[in-house]
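K.L.:
Generate coordinates for the sequence data below:
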Amino acid sequence: MSEKLEQQLVKELRNAHAIEKQAIQLLAKGAQMVDDEEIGRIFRAHRLPTEEHERQVLLRSRHTGRASRNSRT
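P.N.:
Reported below is the predicted structural model:
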């Protein structure tokens, strides 16, 4: 993969990570704000896979960023 393409990938992974983190916060707040317990359960249930997505994107971002830096040395 070209260096420019790798840099773009790292940038997009960092953006995706930020979006996942924001989604986690919104799901937590949403679960607290709603009066409907069923909707609250849905928010809480969706938070778990979103936290896993956040973790996976962060790991991939770190791995790709390191690989990109190592290929330049």
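K.L.:
pLDDT of the longest helix seen in the chain, averaged?
P.N.:
When the chain is parsed with DSSP state H, its longest helix is helix 37-72. Taken as a whole, helix 37-72 has an average pLDDT of 88.
K.L.:
Counting by contacts, list what that helix packs against.
P.N.:
Contacting helix 37-72 under the criterion 3 or more CB pairs under 8 Å, 6 or more residues apart in numbering; DSSP states H and E are the following elements: helix 3-33. Using the backbone N, CA and C atoms, a C-beta is placed for each residue, glycine as well.
K.L.:
So which other helices or strands are in contact with the helix it packs on?
P.N.:
By 3+ CB pairs under 8 Å, 6+ apart, helix 3-33 packs against helix 37-72.
K.L.:
What are the buried residues along the helix it packs on?
P.N.:
Residues of helix 37-72 classed as buried: 43, 47, 50, 53-54, 57-58, 61, 64-65, 68 (neighbour count, 16 or more other CB atoms under 10 Å).
K.L.:
Make TSV out of these and add distance to Gln7.
P.N.:
Converted to TSV, the buried residues of helix 37-72 look like this (distance: CB to CB, whole Å):
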residue	distance to Gln7
Phe43	35
Arg47	31
Thr50	26
His53	22
Glu54	22
Val57	17
Leu58	18
Ser61	12
Thr64	10
Gly65	9
Ser68	7
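K.L.:
returning to that earlier point: what angle separates the longest helix of the chain from helix 3-33?
P.N.:
160 degrees (axes from the mean of the first three to the mean of the last three CA atoms, to 10 degrees).
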